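S.K.: take a look and give me a structure for this.
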Amino acid sequence: MEDDVKRLPADMLPFIATPVAQPLVKGRNVALAGSVVVATVLFLLLRQFALSTALAAGCAILTLGLNLTVVIMRFNAHAATPLAVNLNHPFMNSEPMG
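M.R.: Numbers count the residues shown, from 1 in each chain. Just a heads-up that it's a prediction; the model follows:
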């Protein structure tokens, strides 16, 4: 059943490739950058106060890994939405409605 969803006809566009989904892609990119920033700040603070670079690096890497996992899992769940747009539909060539 999943194979049928992943193979779309040539005139269909997956949801994640539509302009409507672009805020989701931008949000993922911001969340990934935020995860790196949080891990870097955590590393610098722990290195300063814990007096152990190995401990600080371990905590920062663990935090980064968890954050990246959550962000990617959330993105993949939304990106796998079984919705497609027919590029030959008349509304695709007209002005936006509303």
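S.K.: for the helix or strand hosting residue 49, packing partners?
M.R.: Element membership for residue 49 (DSSP states H and E) is helix 22-50. Contacts defined by 3 or more Cβ pairs under 8 Å, 6 or more residues apart in numbering; DSSP states H and E place helix 22-50 against helix 53-79. Where you see a C-beta, it was placed from the backbone N, CA and C, and this is true even at glycine.
S.K.: what angle do the helix it packs on and helix 22-50 make?
M.R.: 170 degrees (axes from the mean of the first three to the mean of the last three Cα atoms, to 10 degrees).
S.K.: packing partners for helix 53-79?
M.R.: By 3+ Cβ pairs under 8 Å, 6+ apart, helix 53-79 packs against helix 22-50.
S.K.: let me see the mean pLDDT of the helix holding residue 49.
M.R.: Across helix 22-50, the average pLDDT comes to 93.
S.K.: use 54 as the first number from now on
M.R.: Sure thing, new numbering starts at 54, so read that last one as helix 75-103.
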